[in-house]
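Chemist: need a structure here:
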Amino acid sequence: MAGADRKGTGEGKASRCGKTKGARVLMIPASRRDTREREHILREIDETIGEIRRSGGDVDPGLVRAKEAIGDEQSHLLIARSRWGELLGSLSYSFPDAATLRVDYIGLLVRRCGLGSRLMATVAEIALGGNRAIRLTAEKDAKGFFAALGMDLVEEFPDGNCVFESTGDGTRRLAGMARPG
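Modeler: You can find the predicted model right below:
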């Protein structure tokens with residue numbers, strides 16, 4: 001898993017994305033009183049980050065920030081696991097007001113395999129259930145990903161980071177984009 005996402009490894013998409021086939025997305029609400037699942041995920045991410053660093057790979061900054069969000073009991077979590085239970089990625093979100101679902105962090109161990117789209121589609125379903133807009137701040141490197149999902153660019157900062165939003169029909173399209181593979 002540690003080297004599965006490194007560029008230049010010669011791995012094809014099929015071998016890199018094999019883990020995501022049949023992946024499950026699990027929800028952990030912020031109101032959950034049992035913190036054992038969060039503690040387990042934190043240990044798992046620490047181990048994974050350690051493996052990636054020992055192998056000389058680049059750690060996804062979103063994964064590091066997602067780890068911080070997992071420790072925050074105010075964040076709701078979506079955890080992506082392979083059909084064998086292996087952690088593949090996570091997304092944290094919150095509700096800053098009654099009309100908005102804010103995506104705080106996305107961290108992926110495997111990229112360009114549809115997992116980020118699946119996590120965002122799940123968030124869109126949650127937003128639709130509460131008649132909420134989705135809002136997030138994306139780093140400049142992720143701008144193309146969110147634009148490809150059909151999210152609207154709301155604001156761009158001098159450093160290249162941007163704010164994206166999805167409402168109404170856009171959120172409905174996003175919710176229907178990615179289904180389990």
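
Chemist: residue ranges for the strands of the chain, please.
Modeler: Secondary structure of the chain (DSSP state E): strands at 24-28, 76-81, 87-97, 100-108, 133-138, 152-156, 162-166.

Chemist: for the third one, the distance to its chain's centre please.
Modeler: Translated: strand 87-97. Centre-to-centre, strand 87-97 and its host chain are 7 Å apart (C-alpha atoms, centre = their mean, to the nearest Å).

Chemist: packing partners of it?
Modeler: Here strand 87-97 touches helix 36-54, helix 61-71, strand 76-81, strand 100-108, helix 115-129, going by 3 or more C-beta pairs under 8 Å, 6 or more residues apart in numbering; DSSP states H and E. (Glycine included, C-beta is placed from N, CA and C.)

Chemist: with the fifth one instead?
Modeler: Contacts defined by 3+ C-beta pairs under 8 Å, 6+ apart place strand 133-138 against strand 100-108, helix 115-129, helix 143-148, strand 162-166, helix 168-177.

Chemist: of all these, which one is nearest Asp58?
Modeler: strand 100-108 (12.3 Å; C-beta to C-beta).

Chemist: follow-up on the earlier one: can you tell which of the strands of the chain is closest to Arg65?
Modeler: Per C-beta to C-beta, nearest to Arg65 of the strands of the chain: strand 100-108, 4.3 Å.

Chemist: just the CA coordinates for the closest one, please, in PDB.
Modeler: In PDB, the C-alpha atoms belonging to strand 100-108 read as follows (Å, rounded to 0.1, in the frame of the first residue of the first chain):
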ATOM      1  CA  THR A 100     -24.100  24.300   4.300                       C
ATOM      2  CA  LEU A 101     -22.100  21.100   4.400                       C
ATOM      3  CA  ARG A 102     -18.400  22.000   4.500                       C
ATOM      4  CA  VAL A 103     -15.800  19.400   3.300                       C
ATOM      5  CA  ASP A 104     -12.800  20.000   5.500                       C
ATOM      6  CA  TYR A 105     -10.300  17.400   4.300                       C
ATOM      7  CA  ILE A 106      -9.900  14.600   1.900                       C
ATOM      8  CA  GLY A 107      -6.900  12.200   2.200                       C
ATOM      9  CA  LEU A 108      -6.400   9.300  -0.200                       C
END
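
Chemist: what pairs with that strand, parallel or antiparallel?
Modeler: Strands adjacent to strand 100-108 in the sheet, as given by DSSP bridges, are strand 87-97 (antiparallel), strand 133-138 (parallel).
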